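*Asks:* here are the coordinates; sequence isn't available:
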């Protein structure tokens, strides 16, 4: 029973933190994920056509996912900057 309560509490906290994402972070995350998905699809098609190797496909996908993560972090920084500017007044 204690494990169920601990897991439930952890999930509730995780969802609570996720709900605190700002508008910029969410928008940048969505855009980054859409771009990464498009790159992944394109890389897969190129690999299927024999234009690139499996390792090159993986590298393209990894790079796109890294860029998506960076975009999300940039959006988070933008939100934090806006929040800090609001509280400074």
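*Replies:* Everything's here; your move. Here the structure is a predicted model, which is why all the values come from computation and not from measurement. Residues are numbered from 1 along each chain as shown.
*Asks:* could you point out which element follows the helix or strand of the chain with the lowest mean pLDDT?
*Replies:* One helix or strand of the chain scores below all others by mean pLDDT, DSSP states H and E: helix 2-18, with a mean of 51. Using DSSP states H and E, the helix or strand that follows helix 2-18 in sequence is helix 23-48.
*Asks:* got the angle for the helix or strand following that following helix vs helix 23-48?
*Replies:* Counting by DSSP H and E, the next helix or strand C-terminal to helix 23-48 is helix 54-88. With axes from the mean of the first three to the mean of the last three C-alpha atoms, to 10 degrees defining the directions, helix 54-88 sits at 170 degrees from helix 23-48.
*Asks:* tell me which residues touch residue 76, please.
*Replies:* 21, 22, 24, 25, 28 (C-beta atoms under 8 Å, 6 or more residues apart in numbering). For the C-beta atoms, the positions are set from N, CA and C on the backbone; glycine is no exception.
*Asks:* please name the residues that touch the third one.
*Replies:* Contact analysis of residue 24 by C-beta under 8 Å, 6+ apart lists 75, 76, 78, 79, 82.
*Asks:* try 6 Å this time
*Replies:* When contacts are counted by C-beta atoms under 6 Å, 6 or more residues apart in numbering, residue 24 touches 75, 78, 79.
*Asks:* highest neighbour count among the residues you listed?
*Replies:* residue 75 (22 neighbours; other C-beta atoms under 10 Å).
*Asks:* sweet, I'm off.
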